[in-house]
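Participant: Have a look at this prediction, sequence included:
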Amino acid sequence: MSEDFVVELDELADVVGDLEACERHLALLVEDLDRQVAALHGTWRGLAADAQRLAHLDWSEGMTAMRGSLGELRAAARLAHEEYAGAAATNVAMWREVAP
């Protein structure tokens with residue numbers, strides 16, 4: 001049994017745009033949080049401060065990994081859009097050559 005395969009290029013372009021917006025938002029979030037944590041640790045000392053610093057480092061590493069994965073996903077979606085759009089344009093051009 002065969003099923004039709006359809007790619008909605010506008011939707012795929014919207015996904016790329018959404019991923020870019022998400023990446024920008026996350027970058028601002030990280031900058032803001034890092035600034036707040038730095039200010040906090042300007043005066044906070046002791047075991048709790050050390051534990052929070054380690055927790056923030058762990059969170060930062062996870063966020064960096066997630067942002068990297070989002071970037072890879074965005075790049076894959078952009079490439080897919082380019083490839084599908086190119087294939088469609090090539091198919092249209094070929095059909096125009098054989099059309100009366």
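Facilitator: Received it, and whenever you're ready, just let me know what you need.

Participant: Next one: the most centrally placed residue in the chain from Gly62, what distance?
Facilitator: In the chain, the residue lying closest to the centroid (CA atoms, centre = their mean) is Leu70, at 3.0 Å. Taking CB to CB, to the nearest Å as the measure, Leu70 falls 13 Å from Gly62. (Glycine included, C-beta is placed from N, CA and C.)

Participant: Correct me if wrong: the residue nearest to the centre of the chain contacts Ala27.
Facilitator: No: here Leu70 does not reach Ala27: they are 10.6 Å apart, not a contact under CB atoms under 8 Å.

Participant: who does the strand or helix carrying Trp95 touch, helix- and strand-wise?
Facilitator: Under the criterion of DSSP states H and E, Trp95 resides in helix 47-98. Counting contacts by 3 or more CB pairs under 8 Å, 6 or more residues apart in numbering; DSSP states H and E, helix 47-98 packs against helix 9-41.

Participant: What residues of the helix it packs on count as buried?
Facilitator: 12, 15-16, 19, 37 (16 or more other CB atoms under 10 Å).

Participant: and the gap between the residue nearest to the centre of the chain and Ala49?
Facilitator: Per CB to CB, Leu70 is found 31 Å from Ala49.
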